[in-house]
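> based on what follows, work out the 3D shape:
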Amino acid sequence: MTQLSEQKIKSLRVDCDKDVILMSIEQIGGIACHTGRESCFYFELSESSDDHKQWLAVEPVIKNPDEIYKK
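Numbers count the residues shown, from 1 in each chain. This next block holds a predicted model:
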């Protein structure tokens, strides 16, 4: 059985133009991303010595998505 995840809202903020919302949450257990990770925000911009930039996955897969969704 897949452990369900819950998010509790800690705060909501808007920027000065009121066109961006920032939500701070508390993650309670389980997996929140369909990729099997705790969060959907697992890519980080990396820079190498030759000024080449790339997005790297920096958070582990907790559970294979095929197991979660029984594909």
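> for this structure, which helix or strand comes out least confident on mean pLDDT?
Least confident helix or strand, the chain: helix 65-69 with a mean of 88, by mean pLDDT, DSSP states H and E.
> now that one, how far from the centre of its chain.
With CA atoms, centre = their mean, to the nearest Å as the basis, helix 65-69 stands 17 Å off its chain's centre.
> quick one: buried residues of that helix?
Under the neighbour-count criterion of 16 or more other CB atoms under 10 Å, helix 65-69 has nothing buried. Backbone N, C-alpha and C define where each C-beta goes, glycine included.
> now swap in stretch 37-57 and tell me
37, 38, 42.
> list the contacts of it.
27, 31, 32, 33, 34, 35, 58, 59, 60, 61, 62 (CB atoms under 8 Å, 6 or more residues apart in numbering).
> pick the one among those residues closest to residue 5.
Within the contacts of stretch 37-57, the smallest distance to residue 5 is 4.6 Å, found for residue 32 (CB to CB).
> that older thread, can I get the contacts of stretch 37-57 in TSV with secondary structure, neighbour count and distance to residue 7?
TSV is the format used below for the contacts of stretch 37-57 (DSSP: H, G, I helix; E, B strand; the rest coil; neighbours: other CB atoms under 10 Å; distance: CB to CB, whole Å):
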residue	secondary structure	neighbour count	distance to residue 7
27	strand	13	6
31	coil	20	12
32	coil	19	7
33	coil	16	12
34	coil	10	15
35	coil	17	17
58	coil	10	21
59	coil	15	16
60	coil	9	20
61	coil	14	19
62	coil	15	16
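> what's the span of stretch 28-44 from first residue to last?
End-to-end distance of stretch 28-44 (CA to CA, to the nearest Å): 23 Å.
> just stretch 6-26 next, same as before
One end of stretch 6-26 sits 8 Å from the other (CA to CA).
> so what touches that stretch?
By CB under 8 Å, 6+ apart, stretch 6-26 touches 27, 28, 29, 30, 32.
> secondary structure element for the residue nearest to the first one when sequence neighbours are not counted?
If I follow you right, that is residue 27. Nearest non-adjacent residue to residue 27, counting by CB to CB, 6 or more residues apart in numbering: residue 7, 6.0 Å away. Counting by DSSP states H and E, the element that carries residue 7 is strand 6-14.
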